[in-house]
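J.: below are the sequence and a predicted model for it; my questions follow.
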Amino acid sequence: MSNTLQGFLLALAIGASLSAGAAERARALGVPFEGTPAARNAITDVKGVTVGQVTLIEDLADGHKVRTGVTAILPRGRGTSDMPVFAGWFALNGNGEMTGTAWIEESGQLEGPVMLTNTHSVGVVRDAVIAERVKAGGADGSGYWWSLPVVAETWDGHLNDINGFHVKPEHVAQALRDANDGDVAEGNVGGGTGMVCHEFKCGIGTASRRVTMDDGHAYTVGVLVQANYGVRDTLRIAGVPVGQHLRNDRVYTDPALAVAGHAVPGGDTGSIIIVVATDAPLLPHQLKRIAKRAGMGLARMGSYAGNGSGDIFLAFSTANPGAAAGAALNQATFIGNDHLDGLFEGTVQATEEAIVNAMVAARDMQGEGGRYAKAIPHDALVRLLKQYGRYQPGKQ
């Protein structure tokens, strides 16, 4: 194959990945979900939150395959570096990494963006975030920014040349620069480009819920996931035991093996990062409680958070913008603990849908060493939903 044709095919693959989130989502296939989503059914439904992504797909001359990227979530958009948000985090199983969590636990604040990438690119992404903040200026009286960036990872080494260190500082800068509050691309994009979940091709997914409180106030909960976890047999979608029916469409070492139905063996050794955003006024300890509920959405999918899985969750609130400004005396409003159930439920619902969206938007991908991952077959999923009486005619 000529380099020109190869480049053209890669461009088509990237274009398909980028458009997947807008073109096909789980609801459009007839997957039923509980709760009411906000306008975009995305984390960007939370006012002020922006998302930027850089996708890296390339076949190198030396035979290695680049299938990776970086995703940036900015809690306050362009104002993220200047104004922290209250936050909390939780590790359901800690075989993974999310930097900056010690200070979140100590201070209750998230300062700066949340970055998602592959396991071996955490360091370069962290350093690049600091460099971008320094470049932006506005340091304190000492002339230096004190910064503990939050960078989380999942392993894409099955499809990506992970030891080639292909995520560069300029990719981080671009993700931050391109972050916007519009629709969020899903599937084989950003940090999720090379990810696999339940032995199907997976990646980035998002969803949201509108939650109306007893007093009539309405708030938004938005979730974004980088999904790379789970085994096939336990997979459930809308309560349907999909994984038990679709045992042959797995992750393969070579395309020829797919015909014979031979899967790569292994347990639940992947990971998932879940980021929850809300405009509800919550204190850090309440946001930690929200973060924990993301694990219940994950459980609905059939995950049991295996020993080899890194299941790490972060929640933040865009409310109370002045309360973390650093004054000697601050005031914050917050919802009483007895009134949090709707937000808990919305978090569970949006987490479940975000993961399914990541699977539905993903496309087949071949990568490093000839290995590849097949996306979940949409026709088979629809057939199973109908078989179990769970099909709901498609809607966005």
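T.: Good, I have the coordinates. Numbers count the residues shown, from 1 in each chain.

J.: my read: Phe90 touches Ala291, true?
T.: Yes. With contacts counted by C-beta atoms under 8 Å, Phe90 reaches Ala291, the gap being 4.2 Å. Quick note: C-beta positions are derived from backbone N, CA and C, even for glycine.

J.: compare the two (neighbour count), which wins?
T.: Per other C-beta atoms under 10 Å, whichever of Phe90 and Ala291 has more neighbours is Ala291, with 24 against 21.

J.: the more buried one: which element?
T.: Taking DSSP states H and E as the criterion, Ala291 maps to helix 284-300.

J.: so which elements touch that helix?
T.: Judged by 3 or more C-beta pairs under 8 Å, 6 or more residues apart in numbering; DSSP states H and E, the packing partners of helix 284-300 are strand 85-94, strand 218-228, strand 271-278, strand 310-317, helix 341-361.

J.: please identify every residue contacting each of Phe90 and Ala291.
T.: Here Phe90 and Ala291 have Phe313 as joint contacts, going by C-beta atoms under 8 Å, 6 or more residues apart in numbering.

J.: so what sits opposite Thr154 in the bridge?
T.: Using DSSP bridges, the bridge partners assigned to Thr154 are Asn118.

J.: read off the pLDDT value for it.
T.: According to the predicted model, the pLDDT of Thr154 comes to 98.

J.: so, low pLDDT: which residues of the stretch 101-250 of the chain?
T.: 139-144, 249-250 (pLDDT under 70).

J.: which stretches in it count as strands?
T.: Remark: strands assigned in the stretch 101-250 of the chain by DSSP state E, counting those that start in this stretch are 109-110, 114-118, 150-154, 196-197, 200-201, 204-212, 218-228.

J.: enumerate every residue touching the spatially most central residue of the chain.
T.: The centre of the chain sits closest to Val225, judged by C-alpha atoms, centre = their mean, with a distance of 2.2 Å. Applying C-beta under 8 Å, 6+ apart, we find Val225 in contact with Ile204, Gly205, Thr206, Ile272, Ile273, Ile274, Val275, Thr351, Ala354, Ile355, Ala358.

J.: list the buried residues of stretch 53-61.
T.: For stretch 53-61, burial by neighbour count (16 or more other C-beta atoms under 10 Å) applies to Gln53, Val54, Thr55, Leu56, Ile57, Asp59.

J.: neighbours of the nearest residue to Tyr219 once chain neighbours are set aside, how many?
T.: The spatially closest residue to Tyr219, leaving aside those adjacent along the chain, is Ala280, at 3.9 Å (C-beta to C-beta, 6 or more residues apart in numbering). For Ala280, the count of nearby residues is 26 (other C-beta under 10 Å).

J.: ok, how many other residues are close to the nearest residue to Leu110 once chain neighbours are set aside?
T.: Spatial nearest neighbour of Leu110, excluding adjacent residues (C-beta to C-beta, 6+ apart): Ala87 at 3.7 Å. With neighbours defined by other C-beta under 10 Å, the count for Ala87 comes to 31.

J.: these two touch, right, Ala87 and Ile290?
T.: No. Look at Ala87 against Ile290 with C-beta under 8 Å: they stay out of range, at 9.9 Å.

J.: what touches both of those two?
T.: Common neighbours of Ala87 and Ile290, counting by C-beta under 8 Å, 6+ apart, are Ala315.

J.: rewinding a little: just the buried residues of stretch 53-61 now: which is nearest Gly336?
T.: Taking C-beta to C-beta as the measure, Gln53 is the one of the buried residues of stretch 53-61 closest to Gly336, at 36.8 Å.

J.: doesn't that closest one belong to a strand?
T.: Yes. Under DSSP: H, G, I helix; E, B strand; the rest coil, Gln53 sits within a strand.

J.: quick one: Glu186 from Val172, how far?
T.: Computed as C-beta to C-beta, to the nearest Å, the Glu186 to Val172 distance reads 21 Å.

J.: which of the two has more neighbours?
T.: Using other C-beta under 10 Å as the criterion, Glu186 and Val172 rank with Glu186 on top: 34 against 28.

J.: show me the contacts for the more buried one.
T.: Per C-beta under 8 Å, 6+ apart, neighbours of Glu186: Ala20, Gly21, Arg25, Gly192, Gly203, Ile204, Gly205, Thr206, Asn357, Ala358, Ala361, Ala362.

J.: same thing but at 6 Å, please
T.: Contacts for Glu186 (C-beta atoms under 6 Å, 6 or more residues apart in numbering) come out as Gly21, Ile204, Gly205, Asn357, Ala358, Ala361.

J.: next one: Leu92
T.: For Leu92, the contact set (C-beta under 6 Å, 6+ apart) comprises Gly295, Ala305, Asp311.

J.: can you list the residues you listed in CSV and add distance to Asn95, pLDDT and neighbour count?
T.: Shown next, in CSV, are the contacts of Leu92 (distance: C-beta to C-beta, whole Å; pLDDT from 0 to 100; neighbours: other C-beta atoms under 10 Å):
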residue, distance to Asn95, pLDDT, neighbour count
Gly295, 15, 98, 21
Ala305, 9, 95, 21
Asp311, 8, 98, 26
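
J.: redo the residues you listed as a markdown table? Include distance to Gly230.
T.: Converted to a markdown table, these look like this (distance: C-beta to C-beta, whole Å):
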| residue | distance to Gly230 |
| --- | --- |
| Gly295 | 13 |
| Ala305 | 9 |
| Asp311 | 10 |
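
J.: which one of these is nearest to Val129?
T.: Closest to Val129, out of all of the contacts of Leu92 and judged by C-beta to C-beta, is Asp311, at 23.2 Å.

J.: excluding its backbone neighbours, what's nearest the closest one?
T.: Nearest residue to Asp311 in three dimensions, chain neighbours excluded: Leu92, at 4.0 Å (C-beta to C-beta, 6+ apart).
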